[in-house]
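> what follows is a predicted structure for the sequence shown.
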2 protein chains.
Amino acid sequence: VTTVPVDAAEAAAARTLREHGVASDRADRVASVLVDADRRGHASHGLALLPTYAERIRRGGIDPAAAPEVVDTCRPVTLIDARDGLGPVAAWAAAERCAADAAALGLAAVAVRRNNHVGMLAAYRAPFAEHRVVGLITTVSGPSVSTPGTVRPVMGNDALCVIAPREGGDPLVVDLAMGVVACGKVRAAGSRGEPVPAGWLLDAHGRPSADPADLDRGGSVPIFGGHKGVCIAVIVEVMAGMLGGGTVSPLVGRQRERPAEPTGCSQLFVGFALPAFGAPDIAELSTLLRNVVAADAATGFPEDAEQAAWAASASGIDLPDALIEWLDVGVVA
Amino acid sequence: VTTVPVDAAEAAAARTLREHGVASDRADRVASVLVDADRRGHASHGLALLPTYAERIRRGGIDPAAAPEVVDTCRPVTLIDARDGLGPVAAWAAAERCAADAAALGLAAVAVRRNNHVGMLAAYRAPFAEHRVVGLITTVSGPSVSTPGTVRPVMGNDALCVIAPREGGDPLVVDLAMGVVACGKVRAAGSRGEPVPAGWLLDAHGRPSADPADLDRGGSVPIFGGHKGVCIAVIVEVMAGMLGGGTVSPLVGRQRERPAEPTGCSQLFVGFALPAFGAPDIAELSTLLRNVVAADAATGFPEDAEQAAWAASASGIDLPDALIEWLDVGVVA
């Protein structure tokens, strides 16, 4: 692992995308969404995804030239068909439209269908923060999570994120996947040649496993929270799957398993303009909550780990050497 | 415990409310919201709550004559001030308005502030089912839940519910509280003179307890799902607390602790009209999901327990004899 300056990493990623036929402004957007995850301490959703995106472009599962198309807009609702393009391109367009429409109308929703992997949901926080709009974002992905009593992956490692703008500061951001860990964290351990901690992974027969390779051999990540975790996952399936794309995760393709095929994943962005809700003081209320929740808590307040990672990454992000070579970053500290 | 016919239980509850100064149509509404929970197998949110509601009316914490007031409407957003009235009165008005506005506009949100306890969120499913609108409902309540590392109750046993209408059938309903159990289930065990199962309760010093009385002696219900459960709870605090009422659960009063004071709890109702989202077939998609999730799962699909309880309660609901006497139901099987 080597620490790579943020600008150099982003430039190399954008260049790689351009070499794969992605237009320059879109390549910059995808690169910035991925590096954002590296900076927030979630390498699982960072540049480590780019080789998969690139392979999917080469094999046909992602159309690098696809322009997200607004299919139907019944404001405050907009439906976007991503046409199997790069996930972050359509997702960024959706976030911008959702935040702007909510700022104008008080409330807005944007559904994105026929999309590819969008990276980390928290990466789409800027348009919401700029417009003083609370964002609720949900996404469904292909099956990788097992539920209590099942031995195989039955649901996607779907994700749910809230972004709440704070006056004079960064927004409060809470972003989580339905599995006890994101699948990318299992793969990151694999690329480091390390076993995964107990509880992270089951093999294809539903037995506990420490071998990251089991994830792509029919294994699964257990859902968090047992039966209540299933309840949350079904709520996300209704939001991002059924409303977002007329689908559910068992119908969504896994991006690594079938790089030549679209995944058909979908997202739902919902925006709530703070002034339309009486302009609550999110900074004060979230500080109040943090003071009681993190007072003596083992794990801290939900946003703490990401904020610490962000501060620590100002000078650069840590990337595996194989990825640095693949990206041809050209800057090694 | 005696099984009481549904009509007789509802009539006795409505009469009790009228005797406490509640107008007839509102008394009927509150009674039907509570009995609905008994019929869905959640006595914690059923008629067992009525003595508390009645005491709060007598002591001043609930104003039986309060009319929910629409403070501000920036359609598709409506803010309702419940004026410390009976929770289900304002919540039902909010559900009806949210579903009707969403059906007209594609999307709508209704925030309710200065409210009292609203019972079980799933009880508000009918307006959404009638209007073909997916409902997302959240509520915050006073602190009763502890988070990892804390020993005292720091957050409310907040709740989150989705209602997804299915063509030609009952809606898909998923409704859960943030604690490993609803507080009412701890109290129900107490009223039966039974200990609670391991994992349900901590005493005031954060030690595991089996004594239901500890809940109202500074004890707490642990949050579900560990750190990820905290993430979900913070998302609910943003939705129902900050957006719904400009508050968070540490500022909300507990209804049993201070019956003479308003609780100041709040809710957020969000409605998504199915036709505005491409009219997804919820019946087909939810069946697909159920088939993989419940195939060999220990706990079944989230809606199963409630549907079984509902079917079993067609002839009556089981009520503790002390409650039957308090209600003066007048019918004992």
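Great, that's in hand. Numbering: from 1, shown residues only, chains lettered A, B, ... in the order given.
> is it fair to say residue A:148 lies in a strand?
No - read with DSSP: H, G, I helix; E, B strand; the rest coil, residue A:148 is coil and lies in no strand.
> and the pLDDT for the closest residue to it other than its chain neighbours?
What sits nearest to residue A:148 in space, not counting adjacent residues and going by C-beta to C-beta, 6 or more residues apart in numbering or on different chains, is residue B:298, at 5.0 Å. The way it works is simple: take the backbone N, C-alpha and C, and place the C-beta from them, glycine included. Looking at residue B:298, its pLDDT stands at 73.
> against residue A:208, how distant is residue B:298?
Distance of residue B:298 to residue A:208, given as C-beta to C-beta, to the nearest Å: 17 Å.
> residue A:229 belongs to a helix, doesn't it?
Yes - if the criterion is three-state DSSP, then residue A:229 is within a helix.
> list the contacts of it.
Counting by C-beta atoms under 8 Å, 6 or more residues apart in numbering or on different chains, residue A:229 makes contact with A:147, A:178, A:223, B:224-225, B:228.
> who wins for neighbours among those residues?
Most neighbours among those, by other C-beta atoms under 10 Å in any protein chain shown: residue A:178, with 30 neighbours.
> re the thing from before, I'd assumed residue A:149 was in contact with the residue nearest to residue A:148.
Yes - using C-beta atoms under 8 Å, residue B:298 is in contact with residue A:149, at 3.8 Å.
> more crowded one of these two?
Taking neighbours as other C-beta under 10 Å, residue B:298 and residue A:149 compare with residue A:149 leading, 17 against 11.
> of all of chain A, which residue lies closest to chain B?
residue A:225 (2.9 Å; C-beta to the nearest C-beta).
> quick one, phi psi at the nearest residue to that residue once chain neighbours are set aside?
Closest residue in space to residue A:225, ignoring its immediate chain neighbours: residue B:225 at 2.9 Å, by C-beta to C-beta, 6+ apart. For residue B:225, the backbone dihedrals (degrees, to the nearest 10) come out as phi 70, psi 10.
> show me the contacts for residue B:225.
Counting by C-beta under 8 Å, 6+ apart, residue B:225 has contacts A:224-226, A:228-229, B:232.
> and these, which two are furthest apart?
Spatial extent of those (C-beta to C-beta) is set by the pair A:226 and B:232 at 13.1 Å.
> who has more neighbours out of those two?
residue B:232 (28 against 16).
> can you classify the more buried one as helix, strand or coil?
From three-state DSSP, the assignment for residue B:232 is helix.
> against residue A:182, how distant is it?
Per C-beta to C-beta, residue B:232 is found 16 Å from residue A:182.
> also residue A:135?
According to C-beta to C-beta, residue A:135 and residue A:182 sit 20 Å apart.
> compare those two (neighbour count), which wins?
Set side by side, residue A:135 and residue A:182 show more neighbours around residue A:135, with 27 against 23, by other C-beta under 10 Å.
> enumerate every residue touching the most centrally placed residue in chain A.
Centroid-nearest residue in chain A, with C-alpha atoms, centre = their mean: residue A:120, separated by 2.2 Å. The contact partners of residue A:120, by C-beta under 8 Å, 6+ apart, come to A:33, A:36-37, A:40, A:42, A:45-46, A:175.
> redo that, cut-off 7 Å
A:36-37, A:42, A:45, A:175 (C-beta atoms under 7 Å, 6 or more residues apart in numbering or on different chains).
> ok, and which of those residues reach chain B?
Among the contacts of residue A:120, proximity to chain B is found for none (C-beta under 7 Å from any C-beta of the partner chain).
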